[in-house]
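J.: The sequence and its predicted three-dimensional model are supplied below.
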Amino acid sequence: MTNFVPLKNTNFIRALQKQPVDRTPIWMMRQAGRYLPEYRAIRKQAGNFINLMKTPDYATEVTLQPLRRYDLDAAIVFSDILTIPDAMGLGLYFEENHGPKFQNPLRSEHAINNLAIPSEESLSYVYQTVSKCRKELNGKVPLIGFSGSPWTLACYMVEGQGSKDFLTIKSMLYSNPIILHKLLEKNAQAVAQHLKCQVEAGAQAIMIFDTWGGLLSRATYQEFSLKYITFILDILKSQLGDLSVPSIVFTKGGGQWLEEMSGCGANALGLDWMTDLDLASQQVGSKVALQGNLDPAVLLAPDFVIQNEVNKVMTSFYGNDKDGTGFVFNLGHGISKETSPDAVSVLIETVHRF
Ligand code: CP3
């Protein structure tokens, strides 16, 4: 691993470790994205999203854009969770205004049996971007690496695209659980390798996005999602040893089973806006740090509403006489592309002024 300059702003890392901070750290899911005119300009230059993400110079540039505009406390490498299935040969593509799709979705037992864990080489563009971002950040704020959860990746791999109810994979779950477990096992190996390589390339924290974990029941969530997340964090710790970095697990819709999640080995749990932050902190706040959870739609409202809603989130965490450590401010999901860049300034100032 290359030597990098020491980190100046350590608030995000300290919050994940439940240590005291100078101010509540804030970053936003999808902070590099279409709400920023400078992002749209580079995306146009790159031609399309896939080329943007696969070209380390472009990907580094858009990672850094929100950090130039705003006083954020972390950067997240610009990439996508679907890089892994793409590297497995599923053929990722985007239809304009349609979200991600795969040319070769997994539709048979045969296809799942033949699926290979991607070589590190096939994802080297991600690791190059991580190293480049870490160098260019020059110690300003920590860099987050990420991956999708095995379950969330499987949702796209089996359906071949996003879906409202993901009925193809859910019927597989009930009719053919053994095959689904085979797929999840391979995804878990691939995710562990992908996160390990990002840390070795310079990522200072990692986050696992389990966007579709909330489609499951409590019992199936444990068996088909949480079990594999726990496995990944476990092997990462043993493989990285002293190089281990703090981790965040975000299950959208996971607010009902935070207790179970708090034992998965993550330093922090990400919360969506449907989850009550105060209750969550009473339930698991002594065991893990929490990250969240402003409804991204708040950013479409007038400034005074944004200020009010931010203060509600802050009071809900710091309210009842808690020790006041272990909180990272974030949105409850990705920022909407309709958001005005000025609304984000109001958000960040309000968090830092609290
Ligand atoms: O947070 C960041 O700034 C880092 C970059 C990032 C992207 N995708 C860039 C992106 C991250 C962390 C992701 C994760 C991701 N990708 C998730 C998990 C988090 C979540 O949002 O639930 C999922 C489910 C995906 C899959 C994916 N990629 C979808 C569903 C889409 C379409 C979304 C849309 O709004 O159209 C993408 C494309 C994508 N990934 C965009 C960005 C900025 C929009 C691409 C564009 O410029 O057109």
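T.: The structure has been received and is ready for your questions.
J.: Write out the residues of the stretch 251-354 of the chain neighbouring the ligand.
T.: G334 (CB under 6 Å from any ligand atom). (Each C-beta comes from the backbone N, C-alpha and C, glycine too.)
J.: for the stretch 251-354 of the chain, what are the low-confidence residue spans?
T.: 320-323 (pLDDT under 70).
J.: if I pick whichever residue of it sits closest to the ligand, what's in contact with it?
T.: At 4.2 Å from the ligand, G334 is the closest residue in the stretch 251-354 of the chain, using CB to the nearest ligand atom. By CB atoms under 8 Å, 6 or more residues apart in numbering, the residues touching G334 are M29, R30, G33, P296.
J.: where's it relative to F209, distance?
T.: Per CB to CB, to the nearest Å, G334 is found 10 Å from F209.
J.: and L72, helix, strand or coil?
T.: Classification of L72 by DSSP: H, G, I helix; E, B strand; the rest coil places it in coil.
J.: Near it, how many other residues are there?
T.: Number of residues near L72 (other CB atoms under 10 Å) recorded here: 21.
J.: Which residues are in contact with it?
T.: By CB under 8 Å, 6+ apart, the contact list for L72 reads I26, W27, M28, Q31, P66, V141, I348.
J.: So which residues of the stretch 251-354 of the chain form helices?
T.: Applying DSSP state H, counting those that start in this stretch to the stretch 251-354 of the chain gives helices spanning 258-261, 277-284, 303-318, 341-353.
J.: could I get the ones you listed as TSV with distance to N267 and mean neighbour count?
T.: Listed next are the helices of the stretch 251-354 of the chain as TSV, based on distance: least, CB to CB, whole Å; neighbours: other CB atoms under 10 Å:
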stretch	distance to N267	mean neighbour count
helix 258-261	12	18
helix 277-284	12	18
helix 303-318	16	17
helix 341-353	20	17
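J.: which of the contacts of L72 lies closest to the ligand?
T.: Among those, and counting by CB to the nearest ligand atom, the member closest to the ligand is Q31, at 4.7 Å.
J.: What backbone torsions are found at the closest residue to the closest one other than its chain neighbours?
T.: Nearest residue to Q31 in three dimensions, chain neighbours excluded: P66, at 4.4 Å (CB to CB, 6 or more residues apart in numbering). Note on P66: its backbone torsions stand at phi -60, psi -30 [degrees, to the nearest 10].
J.: And P66, how close does it get to S217?
T.: Using CB to CB, P66 is found at 37 Å from S217.
J.: try V344
T.: From V344 to S217 the distance is 36 Å (CB to CB).
J.: what's the answer for H352, then?
T.: Applying CB to CB, the value for H352 to S217 is 40 Å.
J.: now do P177
T.: Counting by CB to CB - P177 and S217 are separated by 13 Å.
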